[in-house]
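Asker: give me coordinates for this.
(one chain, ligands or ions: 1)
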Amino acid sequence: MFAPVPRDHTYCFYRKTDKFGVQSDDTKICVVMVGLPARGKSLIAGKALRYLHWVGIPAQIFNVGTYRRMDTPHPAAGFFDPSNPEGERMRRAAVQAARSDLLKWFKEGRGVVAFLDATNSTKARRAWIHKCCHDKGIETLFVESTCDSEEIIMNNILEVKTTSPDYRGQDPEVAAQDFRNRIRNYEKIYETIDESEKSYTYVKLINVGSTVVINQIKDYISSRLVYYIQNLHIRPRSIWLSRHGESEFNLGSKIGGDSDLSVRGEAYARALPGLLKQSGIPAGAKLIIWTSTLKRTIQTARHLAAESGYEKLEWKALDELDSGVCDGLTYEEIAERYPQDFAARDEDKYNYRYRGGESYRDVVIRLEPIIMELERSENVIIVTHQAVLRCIYAYFHNMSQEQSPWMEVPLHTLIKLTPHAYGTEEQRFKANIPAVSTWRSKGSSAKHQASTDS
Ligand SMILES: O=P(O)(O)OC[C@H]1O[C@@](CO)(OP(=O)(O)O)[C@@H](O)[C@@H]1O
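Answerer: You can find the predicted model right below:
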């Protein structure tokens, strides 16, 4: 049930030496989810986990339902009735097992943030968890999701009845009715976090963040987490990612720079509005175009902005990874002039920082505000660069730091990502316009190769 132990440097961003001067070496935080069923707790915990992994903080979810399902895989609503002693006993056993594993996980030094995903619906339960953690030097952060919007609850019920293992193979209507009854049983004893718990660190999200109450946030990681959580929304939307069209530098196999588009890159810029339409943007939907501040992305988005009238924003944070002294060189030239650097980058591409430039880790740090803004936004198309796109893509697909810098992202291809409650759906739309390939495999002879279709 444990995630693999991360390599030590994976969260050095938050260690004593980090650029914020934050001392969090021995920080341990237990995020205790609170809320009735169908309030989006697992969704919030899942997204927060993905965010923490992306910024390099080892985290793990302990879902009490998973422990309960070991003995009771398909319980009917009556199992959750507080006056059912057998149900009560088994549910208590499940939370105790989850708590033991969670404490063991911290004790073995496996991570910094653990989520206890359950309803944790009474003050007594929360006091017990708080004490268990406090005794072991673990901070608690209670995250309560409350909701009185029928629409949001219904959508969540719909999602749960179709995805929860509790209802696998059951008639969806019967499942939905049973799930409503389960919620009623929880409502009999549910106590919201109130004044009497004001000594705890907590955040209350009312109707998926339309109102947020924050109490006593003490440390840096909790404040980042709370900021992230309060930006989440669940309105349906998509995010489109595209690299700029082929550039003059791409043609010459040079990295970095600020060159213009090639003739084929220009053709891609003209084709982009049609490609976007083909990918299925709902008629009348609002969309914002984000580019970097470099010419090749601005030129690529030019027709998109002119033809559609969509709002456009240029972000410095979306500029390509800074290759420092290697800017303007080909990979072959880098291998010749800086052989040790070239080998070091191949060895650990995520952490390698170009002399006078950046690493992928640096790019992820500067992209954090972009991710926050993306979580708050609805439809967005991002026209950016190979390395930046890899980092954003890694966030949505929970891709590891080892894998993401090596990912192949072809030019002249539009990627459409549609986030759902339990994962991100992806579609790719390729323009029929040839381009060089700028992808280089680990240990290769370091040359941009001509694409097979050019
Ligand atoms: O990290 P690697 O794989 O070198 O890829 C990043 C490189 O991609 C390139 C193309 O080779 O980006 P871009 O899409 O902006 O042209 C280089 O400018 C940049 O240095």
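
Asker: all contacts plus neighbour counts: C-alpha atoms, from now on.
Answerer: OK.

Asker: all strands of the stretch 351-454 of the chain, in order?
Answerer: 380-384, 413-420, 423-430 (DSSP state E, counting those that start in this stretch).

Asker: how about residues contacting stretch 283-293?
Answerer: Under the criterion Cα atoms under 8 Å, 6 or more residues apart in numbering, residues 297-298, 301, 305, 310-320, 378-384 lie in contact with stretch 283-293.

Asker: first-to-last residue distance for it?
Answerer: Start and end residues of stretch 283-293 are separated by 29 Å (Cα to Cα, to the nearest Å).

Asker: could you see whether the ligand lies near that stretch?
Answerer: No: contact between stretch 283-293 and the ligand is absent, the nearest approach being 9.8 Å (criterion: Cα under 6 Å from any ligand atom).

Asker: for that stretch, which positions count as buried?
Answerer: 287, 288, 289, 290, 291, 292, 293 (16 or more other Cα atoms under 10 Å).

Asker: before we move on, what about stretch 431-444?
Answerer: 431, 433, 434, 435, 436, 437, 438, 439, 440.

Asker: okay, now the closest residue to the ligand within the stretch 1-150 of the chain: neighbour count?
Answerer: Per Cα to the nearest ligand atom, residue 54 is where the stretch 1-150 of the chain lies closest to the ligand, at 17.3 Å. Neighbours of residue 54 under the rule other Cα atoms under 10 Å: 26.

Asker: that one is in contact with residue 396, isn't it?
Answerer: No: taking contacts as Cα atoms under 8 Å, residue 54 lies outside contact range of residue 396: 9.2 Å.

Asker: that older thread, pick the most buried one from the strands of the stretch 351-454 of the chain.
Answerer: Highest mean neighbour count among the strands of the stretch 351-454 of the chain (mean count of other Cα atoms under 10 Å): strand 380-384, with a mean of 24.

Asker: touching it from outside, list them.
Answerer: Applying Cα under 8 Å, 6+ apart, the external contacts of strand 380-384 come out as 238-244, 287-292, 297, 300-301, 318-320, 374.

Asker: residues of the helix or strand harbouring residue 66 that come out buried?
Answerer: Taking DSSP states H and E as the criterion, residue 66 maps to helix 64-71. Buried positions in helix 64-71, judged by neighbour count with 16+ other Cα under 10 Å: 64, 65, 66, 67, 68.

Asker: model confidence for the first one, exactly?
Answerer: Spelled out, that is residue 64. Confidence at residue 64, expressed as pLDDT, is 97.

Asker: right, and it touches residue 92 too?
Answerer: No: if you go by Cα under 8 Å, residue 64 and residue 92 don't touch, sitting 9.7 Å apart.

Asker: where does the chain have low pLDDT?
Answerer: For the chain, applying pLDDT under 70 flags the ranges 1-25, 161, 421-422, 445-454.

Asker: one more time with 80
Answerer: Within the chain, the stretches with pLDDT under 80 are 1-25, 159-163, 208-209, 234-235, 282-283, 420-423, 444-454.

Asker: show me what from it comes close to the ligand.
Answerer: Near the ligand, when you scan the chain using Cα under 6 Å from any ligand atom, you find 250, 255, 256, 320, 323, 385, 386, 387, 438.

Asker: is there a quick ChimeraX command that grabs whichever of these are buried?
Answerer: Per 16+ other Cα under 10 Å, the buried members of those correspond to this ChimeraX selection:
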select :250,255,256,320,323,385,386,387,438
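
Asker: tell me which of the residues of the chain next to the ligand fall in helices.
Answerer: Under the assignment DSSP state H, the residues of the chain next to the ligand contribute 250, 386, 387 to helices.

Asker: in CSV, list the residues you listed along with distance to residue 154.
Answerer: As requested, these are exported to CSV (distance: Cα to Cα, whole Å):
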residue, distance to residue 154
250, 50
386, 40
387, 40
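
Asker: and the residues you listed, which is closest to residue 106?
Answerer: Distance to residue 106 across those (Cα to Cα) is lowest for residue 387, with 33.7 Å.

Asker: now that closest one: how far from residue 409?
Answerer: 9 Å.

Asker: how about the strands in the chain?
Answerer: Ranges of strands in the chain, per DSSP state E, are 29-34, 59-63, 113-117, 139-146, 202-206, 211-215, 239-243, 288-291, 311-314, 380-384, 413-420, 423-430.

Asker: can you map out the helices along the chain?
Answerer: With DSSP H, the ranges of helices along the chain come out as 41-54, 64-71, 85-107, 123-135, 150-163, 172-187, 220-231, 248-251, 263-278, 295-308, 331-337, 339-347, 360-376, 386-397.

Asker: buried set for stretch 152-169?
Answerer: By 16+ other Cα under 10 Å, the buried positions in stretch 152-169 come out as 152, 153, 156, 157, 158, 159, 160, 161, 162, 166, 167.

Asker: centre of the chain to it, how far?
Answerer: Mean-position distance between stretch 152-169 and its chain equals 22 Å (Cα atoms, centre = their mean, to the nearest Å).

Asker: got the contact list for that stretch?
Answerer: Contact partners of stretch 152-169, identified using Cα under 8 Å, 6+ apart, comprise 38-40, 69, 73-75, 147, 172, 175-176, 179-180, 207, 421.

Asker: of all these, which two lie farthest apart?
Answerer: 73 and 207 (29.8 Å).

Asker: of these two, who's got more company?
Answerer: Per other Cα under 10 Å, whichever of residue 73 and residue 207 has more neighbours is residue 207, with 19 against 15.

Asker: give me phi/psi at the more buried one?
Answerer: Dihedral pair for residue 207: phi 50, psi 60, per degrees, to the nearest 10.

Asker: how many neighbours does the nearest residue to it once chain neighbours are set aside have?
Answerer: Leaving aside its chain neighbours, residue 207 sits nearest to residue 147 (4.6 Å; criterion: Cα to Cα, 6 or more residues apart in numbering). For residue 147, the neighbour count with other Cα under 10 Å is 20.

Asker: which residues touch the residue lying closest to residue 248 once chain neighbours are set aside?
Answerer: Using Cα to Cα, 6+ apart and skipping residues adjacent in sequence, the residue nearest residue 248 is residue 262, 5.0 Å away. Residues near residue 262 by Cα under 8 Å, 6+ apart: 245, 246, 247, 248, 251.

Asker: tell me the contacts of the residue lying closest to residue 358 once chain neighbours are set aside?
Answerer: The shortest distance from residue 358 to any non-neighbouring residue, by Cα to Cα, 6+ apart, is to residue 322 (5.2 Å). By Cα under 8 Å, 6+ apart, the residues touching residue 322 are 256, 354, 357, 358, 359.

Asker: and the gap between residue 322 and residue 166?
Answerer: In terms of Cα to Cα, residue 322 sits 49 Å off from residue 166.
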